[in-house]
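1. A predicted structure for the sequence below; I have some questions about it.
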Amino acid sequence: MGRAKVATSKKHATSRSSSAAELLVEIGSEELPFDFIAPALASLKEHTERMLAESRLSYRHVHTVGTPRRLVFVVNGLTAHQTATVKETMGPSKAVAFDQTGQPTKAAIGFASGQGVAVEDLQLRQTQKGEYLFAVKREEGQPARDVLTKLVPQIIAKLSFSKSMKWNEAGIRFARPVRWLLALFGGAVLPIEIAGIKAGHNTYGHRILGGGKAVVVHDYSSYVSTLKRVGVIVDQDKRRTLIHEELTQVSQKAGVHLNADDALLEQATYSTEWPVPIVGSFRPEYLSVPSEILITSMKEHQGFFSVRDKKSGALAAHFIAVANNEVKDMSLIRQGNERVLAARLADARFFYDEDRKTALADRATKLSGVVFHQKLGTMAQKQERMTKLAGLLAQQLGMSRESVEICSRAASLCKADLLSGIVGEFPELQGVMGGYYAQHDGEPITVSHAIMDHYKPRAMEGDLPRSLEGQVVSMADRIDTIAAFFHVGMVPTGSEDPFALRRHATAIVRIVVEGGLRLDLGQAIEQARTIVGEGGFKAAAGSDVQQERLVEFLFERVRYYGRVKHGLRDDVMDAVLVVADHRRFDVQDQLAKMRALQGLTIRQEFDQLIIGFKRAHRLVEKEQWDRGPVDPTTFEDAAETELHRQNGLCRKDFEEHMRQGEYQKALDALVRVKPAIDAFFAGVMVNADDPTVRDNRLSLLKDVDETFMSFADFSRIVVQGS
């Protein structure tokens, strides 16, 4: 089989570039779920750009817009013709293609026939393998209209949704039934058909404001302006901006402060075509229910924005709904929203009152019926592990006996609210409700706060637990989770992390660093592993190296944190972490070393220092040198004596600064060795003929290497600009 090579004819492409048109395609449907729309628009843009390129149709820009009733893509500056191509296909070799008299053989004739060219048009070319026949064919570009007639249905067919349906005999799947199709190229209807629906130049406005009548459009400009007249703001970015502005205005007018919520703003944007914010209210007695319940109920059940009193900051008995309609008497819509919300809040208050009839400690005893993971037992077992680990972490941090008991108590109760009615209704309130219920049960406020905060931070930029006790319980929860999943061999791989272990590890690093905690995480991990092992769970193969793997996993999150939060270089972080003790390490300490080392790398003398160190390091590494102490009586050159003396003096200062955590000063001590290292390599031959002298020089370099390596592996540092 011949190998085809496609080359674009630039000359032909240029001749066609002056003729460009606009492609406008709208898929009209029944109301789409709001969270389907943004992914669908992104997919439309991606598929359109890729498939146009594959079809050799050039364009300036692809733009997508959408509402609950329409998905739209617009292509500007679309060429009127495909780009022409030259297709070159290699055939048989000259020896096979021609006989001894130079006449074409059956192989050449068959190749020409298969390529649709005459034998005499075949070209003989020299290749790396010898002379071969080539068939060269120029394919003129088809009119874009002909290409798009086939291509647009394929682009639409590429759309997929988390849930799809078949709604007519055509059997095509879509998120909701398709009701109309608009397709215009250069202002003329593109003759395509989807699910038995033929494209036209008609679209439909807002289901109510548009009156149900079709309207004719000619291009994207008239499409946008015409839809606006019939109650549709088709561009989601403009709707989002409009909603944000009007939310601010109605809040100010009502004398309240809006609880900004980006997720709710997105929901309102993709749930409406003609957004109209409305301020409503609910009975003030519902404010006796924790504000988190009210806010979550308004958001999750109704998509309403909550508001706060401007003076007190407390939740106000009002809400803002974003309606998808505008009528003369908007009070009718407001009253309808108020009635629906009243029922939701009544349910929430019922759950809250019922939950408080059972003490949190009593619920905790029933966690044995809640599975944490099939390989790791129940939530009761996890909570028991957390309780032990929280106490050990608190002791390691030097907390008072009372604080240790608070940490243990909070850990023993923090998962009990999983069995409450409110958390069953709103899982995102787990922890928060446990804190309220603990307070209701008479637990100390420190226990309540620790329970309430133990899921924090919930994101990279999320708030940390407000108290040290809360930070301890949060870390105990996360360290146990990581240790438990590593124990049974369920370790994140590549982009796969179904149990969010990377997020847990990042949270641990944040709590330790931003909480200013001096915690030996190596010891904490070892303690967590021991506790998990005592639970009788079957360990995965390779558990003997689990500490190393688990610490490396945490180190990776330290690298991520250092890169994002402190702008630390990867080579600097690797240099420090590669020599860190996997059994005993303090993240605060490691980051302090990294910052000091990165500061040294920008100093003028660093480049020469690192060259000398790397040379010494390579020599002892190549020889794998670990034999005997340095013998000063064997020195033959003054440079050996000076290096030995300077290394000893600097090491004394270096070790004292290291004990004090004065890492910049420790590095300054290392810098003082530079002249002696330079002089040594300038005047001394390490591989001396006398083996005793050679061995002693290697031992001297080993001493220097060990001094540097006790801080970091400097050989990993990349000299900037090299």
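-> Here it is on my side, so go on.

2. Show me where the stretch 51-200 of the chain has its strands.
-> Taking DSSP state E, counting those that start in this stretch, the strands of the stretch 51-200 of the chain run over residues 61-67, 70-79, 85-93, 123-127, 130-139, 165-166, 173-174, 178-185, 188-189, 193-194, 197-198.

3. so where's the chain uncertain?
-> The model of the chain has pLDDT under 70 over residues 1-19, 543-544, 720-722.

4. Mind putting the strands of the stretch 51-200 of the chain into CSV with mean neighbour count and distance to residue 102?
-> Placement of C-beta: from N, CA and C, glycine included. Below are the strands of the stretch 51-200 of the chain laid out as CSV (neighbours: other CB atoms under 10 Å; distance: least, CB to CB, whole Å):
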stretch, mean neighbour count, distance to residue 102
strand 61-67, 20, 54
strand 70-79, 21, 45
strand 85-93, 17, 14
strand 123-127, 11, 11
strand 130-139, 16, 13
strand 165-166, 12, 64
strand 173-174, 18, 60
strand 178-185, 22, 52
strand 188-189, 13, 55
strand 193-194, 16, 56
strand 197-198, 15, 59
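
5. ok now do the nearest residue to residue 207 once chain neighbours are set aside, which residues does it touch?
-> Excluding the flanking residues, the one nearest residue 207 by CB to CB, 6 or more residues apart in numbering is residue 69, at 7.1 Å. Residue 69 makes contacts with 28-32, 204, 207, 232, 273, as judged by CB atoms under 8 Å, 6 or more residues apart in numbering.

6. Kindly report the same for residue 390.
-> Neighbours of residue 390 in contact, by CB under 8 Å, 6+ apart: 407-408, 410-411, 472-473, 476.

7. Between those, which sits nearest residue 200?
-> Using CB to CB, residue 473 comes nearest to residue 200 of the contacts of residue 390, at 62.7 Å.

8. just to revisit the earlier point, how about the residue nearest to residue 207, phi and psi?
-> The phi/psi pair for residue 69 (degrees, to the nearest 10) reads phi -110, psi 10.

9. any idea what sits nearest residue 310, other than its immediate chain neighbours?
-> Closest residue to residue 310 apart from its sequence neighbours, by CB to CB, 6+ apart: residue 257 at 5.2 Å.

10. what about that neighbour, helix or strand, and which?
-> Following DSSP states H and E, one finds residue 257 within strand 256-258.

11. partners of that strand in the sheet?
-> strand 305-309 (antiparallel) (DSSP bridges).

12. ok now do the nearest residue to residue 177 once chain neighbours are set aside, which residues does it touch?
-> Using CB to CB, 6+ apart and skipping the chain neighbours, the partner closest in space to residue 177 is residue 167 (3.9 Å). Residue 167 makes contact with 174, 176-178 under the criterion CB under 8 Å, 6+ apart.

13. By residue count, tell me the biggest helix in the chain.
-> helix 331-355 (DSSP state H).

14. May I see the buried residues of that helix?
-> Using 16 or more other CB atoms under 10 Å as the test for burial, helix 331-355 gives 333-334, 337-338, 341, 344-345, 348-349, 351-352, 355.

15. helices or strands next to that helix in the packing?
-> strand 276-281, helix 291-297, strand 315-323, helix 421-425 (3 or more CB pairs under 8 Å, 6 or more residues apart in numbering; DSSP states H and E).

16. outside of it, which residues touch it?
-> Helix 331-355 has contacts (CB under 8 Å, 6+ apart) with 278-283, 286, 288-290, 293-294, 297-298, 301-302, 304, 319, 321, 323, 325, 327, 420-422, 424-425, 433, 437.

17. The very next helix or strand once past it packs against which elements?
-> Sequence order places helix 360-364 as the next helix or strand after helix 331-355, per DSSP H and E. Packing partners of helix 360-364 (3+ CB pairs under 8 Å, 6+ apart): helix 401-413, helix 432-440.

18. Return the list of strands paired to the helix or strand where residue 215 lies, each annotated with direction.
-> Assigned by DSSP H and E, residue 215 belongs to strand 214-216. Counting by DSSP bridges, the strands paired with strand 214-216 are strand 202-204 (antiparallel).

19. chain center to the strand it pairs with, what's the gap?
-> Distance, stretch centre to chain centre, for strand 202-204: 39 Å (CA atoms, centre = their mean, to the nearest Å).

20. same question, stretch 35-52
-> Distance, stretch centre to chain centre, for stretch 35-52: 20 Å (CA atoms, centre = their mean).

21. and what of stretch 482-499?
-> With CA atoms, centre = their mean, you get 17 Å for stretch 482-499.

22. Please identify the buried residues of that stretch?
-> Buried, per 16+ other CB under 10 Å, within stretch 482-499: 482-488, 490-492.

23. Over to stretch 197-207?
-> 197, 199-207.

24. which one of these sits closest to residue 460?
-> residue 206 (39.9 Å).

25. still on that earlier bit, right, and the helices and strands packed on helix 360-364 - which one's nearest residue 541?
-> helix 401-413 (30.7 Å).

26. So which residues make contact with that closest one?
-> Helix 401-413 is contacted from outside by 360-361, 364, 383-384, 386-387, 389-391, 393-395, 399, 434, 438, 443-444, 446-447, 450-451, 454, 468-470, 472-473, 476-477, using CB under 8 Å, 6+ apart.

27. Buried ones among those?
-> Here, 16+ other CB under 10 Å leaves 360, 364, 383-384, 386-387, 389-391, 393-394, 399, 434, 438, 443-444, 446-447, 450-451, 454, 468-470, 472-473, 476-477 buried among the contacts of helix 401-413.

28. Tell me which entries of those lie within helices.
-> Of the positions in these, 360, 364, 383-384, 386-387, 389-391, 393-394, 434, 438, 446-447, 450-451, 468-470, 472-473, 476-477 sit in helices, assigned by DSSP H.

29. how near is residue 316 to residue 295?
-> 11 Å (CB to CB, to the nearest Å).

30. sorry, that was for residue 591
-> From residue 591 to residue 295 the distance is 36 Å (CB to CB).

31. try residue 608
-> 61 Å.

32. Could you chop this protein up by domain?
-> Segmentation of the chain into domains, based on automatic domain parsing, reads 4-82+143-229, 85-139, 236-355, 361-592, 603-716.

33. Highest mean neighbour count out of those domains?
-> domain 361-592 (a mean of 19; mean count of other CB atoms under 10 Å).

34. Please tell me how far that domain is from the chain's geometric centre.
-> Per CA atoms, centre = their mean, the centroid offset for domain 361-592 relative to its chain is 21 Å.

35. i'd like the first residue to be 793 from this point on
-> With the count now opening at 793, the last piece we talked about shows up as domain 1153-1384.

36. What's the end-to-end length of that domain?
-> 42 Å (CA to CA, to the nearest Å).

37. for residue 1067, what are its contacts?
-> Here residue 1067 is in contact with 1025, 1031, 1034-1035, 1038, 1060-1061, 1114-1116 (criterion: CB under 8 Å, 6+ apart).

38. closest to residue 1416 among these?
-> residue 1061 (64.1 Å).

39. On the three-state scheme, the closest one is what?
-> With DSSP: H, G, I helix; E, B strand; the rest coil as the basis, residue 1061 sits in helix.

40. what about it, distance to residue 1487?
-> According to CB to CB, residue 1061 stands 75 Å off from residue 1487.
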